[in-house]
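Enquirer: Just need the structure, nothing else, for what follows:
(2 chains)
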There are 2 protein chains.
Amino acid sequence: MPDSASPIGIFDSGIGGLTVLREIARALPAEDLLYFGDTARVPYGIKSPPTIIAFSEQNCRFLLRRAPKLLVVACNTASAAALPHLRETFDVPILGVVEPGARAAVAATRNRRVGIIGTEATIRSRAYLDCIRALDPGIALIDRACPLFVPLVEEGRDCDDPIVRLAAKEYLRPLIEFGVDTVVLGCTHYPLLKDALRGVLGRAVGIVDSAEETARATGETLDRLGLRRTGAASAVYRYYVTDNPLRFASVGSRIMGNIVEHVERVDPAAVARDE
Amino acid sequence: MPDSASPIGIFDSGIGGLTVLREIARALPAEDLLYFGDTARVPYGIKSPPTIIAFSEQNCRFLLRRAPKLLVVACNTASAAALPHLRETFDVPILGVVEPGARAAVAATRNRRVGIIGTEATIRSRAYLDCIRALDPGIALIDRACPLFVPLVEEGRDCDDPIVRLAAKEYLRPLIEFGVDTVVLGCTHYPLLKDALRGVLGRAVGIVDSAEETARATGETLDRLGLRRTGAASAVYRYYVTDNPLRFASVGSRIMGNIVEHVERVDPAAVARDE
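Expert: As a prediction, this is how the structure comes out:
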């Protein structure tokens, strides 16, 4: 039976979920963290719901064999497509990134006009729209898929890059015309582009970072369940990826702002067979 | 035993290989074509050689159960990483896209300065460099990964798009400074950006399209083996994808310039288990 000393398990389709791990590590520095990145099958954002659900279930089984006390689906696409299925299937608390982000947006907006940006699959799922409408049907919503942002981040481009700025301007134009005062970053890669997005949106528009909100929700859930780890134990972070541990460590170190170690490659065929 | 009436099997990591199918269909209009696109695990270009080899072998087994007379690896990344392994493993003629492109570049260059562009994995593999050097060690070579080109094409952007033009200018600058007179498009998506690339490179630089060259090599190989189909039979094209047949049909119709029909989804887990 997992207890407060058990680790938190986090999975993502690839590298982007490290922005969620980073915020959880900041908010909950005593917790051990296990990260699973499905880098052999990344990205999920252009795939179909049945495929995303099947992959997500396999990723959870992988982490559950390491006895975590709580799972975080640190991938917006997987949260949007698979969270209800995962919660029905597994007997462990599971948090996604969509609901914390949606809640924060509802709390933040003053003019009740909110924009959501994400991958193709996240936007197509309408998960943020549904979640925000369930919380407050009176909020006017606009969303937009930004398929270039993930490859731009993974290529190592920063917020001053001219292609990043041009893409941000193009993708965000309809949100600005719609008059949003709050924009939800509905993809784990997007916090790394925050300065570029702020440059286009202006200081008057608030940016909701789902990673930060998910870290906050994780702490609240652990407190509610009496599972928060206390004391000054030094936390251990372990990373499992289905491909390319070296690329993960190098792109990951850039995302985390410090060295990513203990990256282990696991066989994607074994994950697919639930071994 | 396959004979001249048997189909040609073509596989790609996803949609891009349709540029190769399109050229084969133009060059060999009597041939039946089977296309397998591994859209559940696309893209291969950011993955490691062992993973690419394992996926490629599974894709070949899928096509071989449909008794083709010849296989075409219509993916530069898979050709670069897996072709020797596939040729050792399977008892059927197998063509890749790298060697035909490399041969055409060697034949085309006048000033003996050639540039190659492709995905991260294709460039990292050095497959084009090795192949061109083996044909003519005196040619000066420069290569460059262009990771944004695939997502730009898949998003449906065309050659007039400002982001496409900005990315093309940035990626090609070192090739122009190097003084190339020939550039090899080492990725199946890139022919769709040919006009944008030509706009940056200028008319004096020749562009080698591996898809066209591979179609030519396919015809030559069939002739040599006495397996070319003749007569006026109406050719049948069938498409199998591991995910998202609707997205494949819509992006695919844009690539092919006409409607893509007969798209069937096959279970990626069954392909991974060689079923």
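Enquirer: residues in the stretch 151-275 of chain A within reach of chain B, list them.
Expert: A:151-152, A:154-155, A:162-163, A:166-167, A:170, A:242-244, A:247, A:268-269, A:272-273 (Cβ under 8 Å from any Cβ of the partner chain). (Glycine included, C-beta is placed from N, CA and C.)
Enquirer: Only the buried subset of those residues, as a ChimeraX command please.
Expert: To isolate the buried subset of these in ChimeraX, counting by 16 or more other Cβ atoms under 10 Å in any protein chain shown, use the following:
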select /A:151,152,154,155,163,166,167,170,242,243,244,247,268,269,272
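Enquirer: Out of the residues of the stretch 151-275 of chain A next to chain B, name the ones that lie in helices.
Expert: A:151-152, A:154, A:162-163, A:166-167, A:170, A:247, A:268-269, A:272 (DSSP state H).
Enquirer: Put together JSON lines for these, with distance to residue B:3 and pLDDT on each row.
Expert: Shown next, in JSON lines, are those (distance: Cβ to Cβ, whole Å; pLDDT from 0 to 100):
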{"residue": "A:151", "distance to residue B:3": "44", "pLDDT": "91"}
{"residue": "A:152", "distance to residue B:3": "49", "pLDDT": "95"}
{"residue": "A:154", "distance to residue B:3": "46", "pLDDT": "85"}
{"residue": "A:162", "distance to residue B:3": "56", "pLDDT": "97"}
{"residue": "A:163", "distance to residue B:3": "51", "pLDDT": "98"}
{"residue": "A:166", "distance to residue B:3": "54", "pLDDT": "98"}
{"residue": "A:167", "distance to residue B:3": "51", "pLDDT": "98"}
{"residue": "A:170", "distance to residue B:3": "53", "pLDDT": "98"}
{"residue": "A:247", "distance to residue B:3": "44", "pLDDT": "87"}
{"residue": "A:268", "distance to residue B:3": "37", "pLDDT": "86"}
{"residue": "A:269", "distance to residue B:3": "34", "pLDDT": "83"}
{"residue": "A:272", "distance to residue B:3": "36", "pLDDT": "85"}
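Enquirer: Taking these, tell me the two that lie furthest apart.
Expert: A:162 and A:269 (41.1 Å; Cβ to Cβ).
Enquirer: Surely residue A:11 is in contact with residue A:37?
Expert: Yes - Residue A:11 is in contact with residue A:37 according to Cβ atoms under 8 Å; the separation is 7.5 Å.
Enquirer: In the stretch 51-200 of chain A, mark out all the strands, start to finish.
Expert: A:70-73, A:94-95, A:113-118, A:140-145, A:182-186 (DSSP state E, counting those that start in this stretch).
Enquirer: Out of those strands, which is the most enclosed?
Expert: strand A:182-186 (a mean of 28; mean count of other Cβ atoms under 10 Å in any protein chain shown).
Enquirer: so what strands line up beside that strand?
Expert: Partner strands and pairing direction for strand A:182-186 (DSSP bridges) are strand A:113-118 (parallel), strand A:206-209 (parallel).
Enquirer: Please convert these to a markdown table, extending it with mean pLDDT and distance to residue B:94.
Expert: Formatted as a markdown table, these follow (pLDDT from 0 to 100; distance: least, Cβ to Cβ, whole Å):
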| stretch | mean pLDDT | distance to residue B:94 |
| --- | --- | --- |
| strand A:113-118 | 98 | 40 |
| strand A:206-209 | 97 | 48 |
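Enquirer: Can you list phi and psi of residue A:75 for me?
Expert: With angles defined as degrees, to the nearest 10, residue A:75 sits at phi -130, psi 120.
Enquirer: domain parsing for chain A?
Expert: A:8-96+A:213-272, A:98-210 (automatic domain parsing).
Enquirer: residues from the stretch 1-150 of chain A in reach of chain B?
Expert: A:39-42, A:46-48, A:51, A:54, A:147-148, A:150.
Enquirer: Kindly recompute the last result at 10 Å.
Expert: A:14-15, A:39-44, A:46-52, A:54-55, A:58, A:120-121, A:124, A:145-150 (Cβ under 10 Å from any Cβ of the partner chain).
Enquirer: didn't residue A:148 look like it was pressed against residue B:148?
Expert: Yes - look at residue A:148 against residue B:148 with Cβ atoms under 10 Å: they come within range, at 6.8 Å.
Enquirer: so residue A:256 makes contact with residue A:237?
Expert: Yes - using Cβ under 10 Å, residue A:256 is in contact with residue A:237, at 9.3 Å.
Enquirer: what is in contact with these two at once?
Expert: A:21, A:25 (Cβ atoms under 10 Å, 6 or more residues apart in numbering or on different chains).
Enquirer: Could you work out the end-to-end span of stretch A:3-21 for me?
Expert: 20 Å (Cα to Cα, to the nearest Å).
Enquirer: Which positions in that stretch come out as buried?
Expert: So stretch A:3-21, judged by 16+ other Cβ under 10 Å, has buried residues A:6-21.
Enquirer: Tell me how far it lies from the chain's centre.
Expert: Distance of stretch A:3-21 from its chain centroid, counting by Cα atoms, centre = their mean, to the nearest Å, is 10 Å.
Enquirer: and what of stretch A:70-87?
Expert: The answer for stretch A:70-87 is 9 Å, by Cα atoms, centre = their mean.
Enquirer: Give the rounded mean pLDDT of it.
Expert: Here stretch A:70-87 scores 96 as its mean pLDDT.
Enquirer: can you check stretch A:125-133 too?
Expert: 96.
Enquirer: Show residues contacting that stretch.
Expert: Stretch A:125-133 has contacts (Cβ under 10 Å, 6+ apart) with A:49, A:52, A:76-77, A:79-83, A:96-103, A:105-106, A:109, A:114-119, A:121-123, A:139, A:141-143, A:184, A:186, A:210.
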